[in-house]
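Visitor: predicted model and sequence below, questions to follow.
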Amino acid sequence: MDNKVHIFDTTLRDGEQVPGCQLNTIEKIEVARQLEKLGVDVIEAGFPISSPGDFNSVVEISKAVQNPTICALTRAVKKDIEVAADALKFAKRGRIHTGIGTSPYHIKYKLNSNEDEIVQRAVEAVKYAKRFVEDVEFYAEDAGRSDNEYLARVVEAVIAAGATVINIPDTTGYCLPKEYGEKIAYLVNNVPNVDKAILSTHCHNDLGMATANTLAGVTNGARQVEVTINGLGERAGNTSLEEVVMAMKSHHDLDYQTGIDTTQIMKTSKLVSTLMRMPVQANKAIVGRNAFAHSSGIHQDGVLKNRENYEIIDPADVGVKESSIVLTARSGRAALKHRLHVLGYEFEGPELDDIYNQFLDLADKKKDVADEDLEALAGSEKEKQDRSIKLESLQVISGSSTIPTATVAVNFNGDVFTETASGNGPIDAAFTAVKSLVKRKVHLEEFLIQAITRGSDDLGKVHVQVEHKGHTYYGFSANVDIITASVEAFLDSISKIG
Ligand SMILES: CC(=O)SCCNC(=O)CCNC(=O)[C@H](O)C(C)(C)COP(=O)(O)OP(=O)(O)OC[C@H]1O[C@@H](n2cnc3c(N)ncnc32)[C@H](O)[C@@H]1OP(=O)(O)O
Ligand SMILES: CC(C)C(=O)C(=O)O
Ligand SMILES: [Mg+2]
């Protein structure tokens with residue numbers, strides 16, 4: 001069997017079903033172009049019958065993207081199929097993805113039907129789609145909870161009707177990896193015409209097993225995986241593209257190939273997160289902020305001796321510049337000594353013990369220790385003063401009928417400078433003022449505001465990530481005033497630039 005695994009990205013369809021993640025056509029084109037750079041084989045661009053906007057997006061993505069196949073979703077309904085075919089008319093390679101539920105739940109309670117009728121509707125839908133396009137994918141919705149024998153009957157019938165790809169969705173994320181793998185194996189072994197089509201996985205993450213199930217599907221014969229960037233998707237999400245691709249790449253022994261340029265992963269993740277306004281959790285595999293950050297002493301010591309002691313992926317392989325070592329009260333001498341060395345200070349033996357103890361005192365009081373804190377500990381004249389950059393005062397004007405304006409006063413080592421700026425919101429205005437005050441070229445890479453509880457009187461926690469001369473710096477603050485917290489976090493990140 002061919003070891004090429006086709007990557008079918010459904011960020012713009014299943015991912016876009018997430019509340020609050022809807023994108024307009026221009027945004028969808030931007031994502032589609034980035035998915036093309038990433039090297040996906042298929043882009044599921046939308047569900048054209050669902051709204052004029054989604055129809056239009058499929059049309060425009062078909063025009064904008066050349067290499068991937070463009071796929072449009074339908075129910076097993078003639079009108080859906082006609083509209084999908086119309087939306088795909090500009091696609092270089094168009095695919096209609098049609099299907100129907102095959103589990104007892106769906107057949108009886110959702111579709112008010114019976115097994116024989118569902119086979120007939122499935123076959124009719126595939127034949128009808130074939131009138132418009134050569135490439136027809138069939139999904140057996142809720143295949144995860146469908147009886148394998150019945151599923152095999154449906155699959156055989158739709159392949160005979162012309163389906164080129166057969167999607168076996170674990171729609172409710174119910175299956176265990178062994179169970180899902182056995183389902184694929186059952187189809188491989190019991191559908192006589194299975195070699196005429198590609199089997200596809202489409203797993204949901206309700207029990208946190210989407211990636212494991214997808215890989216179980218592949219090892220048992222599936223050669224297309226349906227995935228989304230950052231694992232976005234209905235409810236708990238879909239299998240995340242980055243996890244499956246990197247699992248296959250890391251396990252060379254499996255010998256699977258994809259067309260993905262993995263160095264584009266981080267860029268794609270950030271674009272989707274920003275446009276869909278959906279922050280990536282810090283500990284998300286591959287693309288989370290902490291995925292390549294080492295914060296405890298034993299790990300830091302190990303990584304400094306040999307990166308591979310604690311890293312199974314080279315960060316550069318997924319487009320992350322470098323892994324980071326965060327100095328906290330859980331750090332040890334090795335990490336401190338290394339950072340001091342980078343800053344130009346050499347400490348050994350009792351001197352290192354001494355500065356390490358001072359460092360621990362400071363680290364117990366702070367969340368993480370910045371370079372200038374270390375410089376102060378190391379005795380640099382320049383840094384003997386207090387912390388170098390502090391917010392002195394902040395005043396913002398904002399509202400529905402005014403241009404948001406911010407006046408920010410920042411204390412640089414005792415000297416206070418003030419700047420006023422406007423922006424598309426109060427935070428943008430304040431950040432613009434800060435940027436012109438600090439006179440450093442910083443690029444805001446990530447900005448995340450979170451409320452800990454749900455009350456309107458809650459503290460706003462802000463994380464900021466900025467890039468300066470190829471290096472990344474993190475800032476953090478918490479305040480009941482989210483604009484103040486944002487500016488403080490921004491200044492915190494800037495203050496860490498050496
Ligand atoms: C597992 C998935 O992710 S499936 C994709 C989910 N995505 C979406 O649903 C987004 C797009 N959906 C929509 O815009 C709308 O639901 C539409 C346009 C498809 C249909 O809208 P409406 O006609 O108002 O129907 P409504 O959404 O209320 O109900 C769905 C109908 O489709 C039927 N249906 C559901 N799936 C299928 C299917 N695969 N094939 C045939 N009929 C189906 C349901 O049984 C129901 O029919 P009924 O009204 O006769 O009981
Ligand atoms: C429409 C199908 C493919 C789906 O998203 C699912 O079953 O989860
Ligand atoms: Mg789905």
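Guide: Yes, it's here. Remember, it's a predicted structure, so these values are computed and weren't measured experimentally. Ligands and ions are numbered 1, 2, ... in the order given.

Visitor: for ligand 2, see how far away E372 is.
Guide: E372 sits at a distance of 50 Å from ligand 2 (criterion: CB to the nearest ligand atom, to the nearest Å). In short, each C-beta sits where N, CA and C put it, glycine included.

Visitor: settle this for me: E322 is touching P315, isn't it.
Guide: Yes: counting by CB atoms under 8 Å, P315 is a contact partner of E322 at 6.0 Å.

Visitor: residues of the stretch 101-250 of the chain that sit close to ligand 2?
Guide: The stretch 101-250 of the chain comes close to ligand 2 at residues 139, 141, 167, 169, 171, 202, 204, as judged by CB under 6 Å from any ligand atom.

Visitor: so the residue sitting furthest away from the middle of the chain is in which element?
Guide: Distance from the C-alpha centroid of the chain peaks at P350, with 45.6 Å (CA atoms, centre = their mean). Secondary structure from DSSP states H and E places P350 in helix 349-365.

Visitor: before we move on, what about F447?
Guide: Assigned by DSSP H and E, F447 falls in strand 443-451.

Visitor: adjacent strands (with direction) for that strand?
Guide: Looking at strand 443-451 with DSSP bridges, its partner strands are strand 460-468 (antiparallel).

Visitor: quick one: buried residues of the one helix or strand I26 maps to?
Guide: If you go by DSSP H and E, I26 is part of helix 25-38. For helix 25-38, burial by neighbour count (16 or more other CB atoms under 10 Å) applies to 25, 27-29, 31-36, 38.

Visitor: correct me, but C175 touches M209?
Guide: Yes: using CB under 8 Å, C175 makes contact with M209 at a distance of 7.3 Å.

Visitor: higher neighbour count, the two?
Guide: Applying other CB atoms under 10 Å to C175 and M209 shows that C175 carries more neighbours, namely 26 against 21.

Visitor: name the SS class of that one, please.
Guide: Put simply, C175 is coil when judged by DSSP: H, G, I helix; E, B strand; the rest coil.

Visitor: contacts only, for the closest residue to it other than its chain neighbours.
Guide: Sequence neighbours aside, G144 is the residue nearest to C175 in space, at 4.5 Å (criterion: CB to CB, 6 or more residues apart in numbering). By CB atoms under 8 Å, 6 or more residues apart in numbering, G144 lies in contact with 103, 168-175, 180, 183, 203.

Visitor: please identify the helix or strand for the closest residue to ligand 2 within the stretch 1-150 of the chain.
Guide: Using CB to the nearest ligand atom, the closest approach of the stretch 1-150 of the chain to ligand 2 is made by Y139 at 3.9 Å. Using DSSP H and E, Y139 sits in strand 135-141.

Visitor: for the helix or strand that comes right after that strand, which helices and strands make contact with it?
Guide: Remark: after strand 135-141, the chain's next helix or strand is helix 148-160, criterion DSSP H and E. In this structure, helix 148-160 packs against helix 115-130, strand 135-141, strand 165-170, helix 177-190, with contacts taken as 3 or more CB pairs under 8 Å, 6 or more residues apart in numbering; DSSP states H and E.

Visitor: circling back to that earlier point, quick one: common contacting residues for C175 and M209?
Guide: Taking CB under 8 Å, 6+ apart as the criterion, C175 and M209 both touch C203.

Visitor: hang on, the earlier thing: direction included, what does the strand holding Y139 pair up with?
Guide: Here strand 135-141 has these sheet partners by DSSP bridges: strand 94-101 (parallel), strand 165-170 (parallel).

Visitor: present the ones you listed as TSV; the columns should include mean neighbour count.
Guide: As requested, the strands paired with strand 135-141 are exported to TSV (neighbours: other CB atoms under 10 Å):
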stretch	mean neighbour count
strand 94-101	25
strand 165-170	25
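
Visitor: returning to what we had before: rounded mean pLDDT for the strand holding Y139, please.
Guide: Average pLDDT, strand 135-141: 98.

Visitor: now the angle from that strand to helix 148-160?
Guide: Angle of strand 135-141 versus helix 148-160, following axes from the mean of the first three to the mean of the last three CA atoms, to 10 degrees, is 160 degrees.

Visitor: quick one, strand 135-141 and helix 177-190 angle?
Guide: Between the axes of strand 135-141 and helix 177-190, defined by the same axes, to 10 degrees, the angle is 130 degrees.

Visitor: contacting residues around strand 135-141?
Guide: Strand 135-141 is contacted from outside by 69, 71, 93-103, 106, 122, 125-126, 129-130, 146, 151, 154-155, 158, 162-169, 171, 200, 202, using CB under 8 Å, 6+ apart.

Visitor: which bits of this protein sit near ligand 1?
Guide: Contact residues, the chain versus ligand 1 (CB under 6 Å from any ligand atom): 14, 17, 47, 49-50, 75-77, 99-100, 110-111, 141, 171, 234.

Visitor: filter the residues you listed to the buried ones?
Guide: If you count burial by 16+ other CB under 10 Å, the buried members of the residues of the chain next to ligand 1 come out as 14, 17, 47, 49, 75-76, 99-100, 111, 141, 171, 234.

Visitor: from the residues you listed, which is closest to K469?
Guide: The nearest member of these to K469, counting by CB to CB, is D14 at 38.9 Å.

Visitor: ok, now which ones touch that closest one?
Guide: 44, 226, 228, 232-234, 238.

Visitor: per-residue pLDDT, it?
Guide: On the pLDDT scale, D14 gets 98.

Visitor: what sits against the closest residue to it other than its chain neighbours?
Guide: Spatial nearest neighbour of D14, chain neighbours left out: G233 (4.3 Å); criterion: CB to CB, 6+ apart. By CB under 8 Å, 6+ apart, the residues touching G233 are 10, 14-15, 17-18, 204-205.

Visitor: rerun at 10 Å
Guide: Each residue near G233 by CB atoms under 10 Å, 6 or more residues apart in numbering is listed here: 10-11, 13-18, 21, 173, 202-205, 210, 226-227, 239-240.

Visitor: which element, helix or strand, includes it?
Guide: Using DSSP H and E, G233 maps to neither a helix nor a strand.
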